[in-house]
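**Q** Next input, structure requested:
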Amino acid sequence: MICHNGVLSDGSFSADYLLGQTCIWITGDCLQYSNKIILKALLLAPLPLLFLLAVALIIANQEFSFYSILVFFAAHAVVYLAYCLFTVPFSFLISMLLARLYWLNFFSIVMFSVLIAGVFFLGFGWAHTGNISNPWWDVFTEPFSIGLALIVAFSYWMFLIRDRRAS
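**A** Numbering: from 1, shown residues only. Alright, predicted model coming up:
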C-alpha cells in the first residue's frame, strides 16, 4: 500500500488522512501516527533516562534509605515537569510538522532532539547561574549532553514504533 496525501495505491482515498493522521515512510511501509501517539511518545521518552539517572545517582552516592530514594525521585520528577512544560510543546509542533511533510524519521528525531536539548540546557544553565556559557555553542559539543539527547531521541523513536505497532 502506497500512501501519499491520503490517496492509496489503488486510487481510493484513505479516511485516516481525514481524521488527522499522517503518513510517513519507514523502510517502504506507510505508517500513520496520530497526534495522540506522538504526544504519548513525547511524554514517555525521557522516563527511561530519568529512571536510569536516578538509580545511578542512588548507587553512586550509596544513599539507600527510603527518604534519600524518595528525594532522588522527587528531584527527577521536577526535571520531568520542566521537560513537559518547556520542551514538549515545541517538540510536538515540530513532530507534527515533520509528520505532515513525511520527514518524521529517526534522523530528524535525533537532529531535533539535540537542538531542543541544547536550548533546554542553555536555559537550565542560565536559570542556575544567571548567565549563558561563553561561547554558547559549547553546549552542543559536550558529549554528556549529546548522549542524554540521543537516549531521549532513541526512546521517543521506540515509543513511536511500539505505539504504532500496537494500534
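
**Q** Where does pLDDT dip in the protein?
**A** Applying pLDDT under 70 to the chain flags residues 1-32, 167.

**Q** which stretches of it form helices?
**A** For the chain, the helices defined by DSSP state H occupy 15-18, 35-44, 47-61, 66-86, 88-100, 106-129, 143-166.

**Q** give me every residue that touches the nearest residue to Y83 once chain neighbours are set aside.
**A** Distances taken as CB to CB, 6 or more residues apart in numbering place P46 nearest to Y83, at 5.4 Å, with adjacent residues excluded. Heads up, the C-betas are built off the backbone N, CA and C, glycines and all. By CB atoms under 8 Å, 6 or more residues apart in numbering, P46 lies in contact with Y80, Y83, V152, S155.

**Q** circling back to that earlier point, quick one: which of the helices of the chain is nearest W136?
**A** For W136, the closest of the helices of the chain is helix 106-129, at 6.3 Å, according to CB to CB.

**Q** With just CA atoms, put the closest one into CSV.
**A** Output of helix 106-129 as CSV, limited to C-alpha atoms (Å, rounded to 0.1, in the frame of the first residue of the first chain):
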residue,chain,number,x,y,z
PHE,A,106,14.9,8.5,13.2
PHE,A,107,17.4,11.0,11.7
SER,A,108,15.1,14.0,12.0
ILE,A,109,14.2,13.0,15.6
VAL,A,110,17.8,12.8,16.6
MET,A,111,18.7,16.1,14.9
PHE,A,112,15.8,18.0,16.6
SER,A,113,16.4,16.2,19.9
VAL,A,114,20.0,17.5,20.1
LEU,A,115,18.8,21.0,19.0
ILE,A,116,16.0,21.2,21.6
ALA,A,117,18.1,19.6,24.3
GLY,A,118,20.8,22.2,23.7
VAL,A,119,18.3,25.0,24.1
PHE,A,120,16.9,23.3,27.2
PHE,A,121,20.4,23.0,28.7
LEU,A,122,21.2,26.6,27.9
GLY,A,123,18.1,27.7,29.7
PHE,A,124,18.8,25.4,32.6
GLY,A,125,22.3,26.8,32.9
TRP,A,126,21.0,30.3,32.7
ALA,A,127,18.4,29.6,35.4
HIS,A,128,21.1,28.2,37.8
THR,A,129,24.0,30.6,37.2
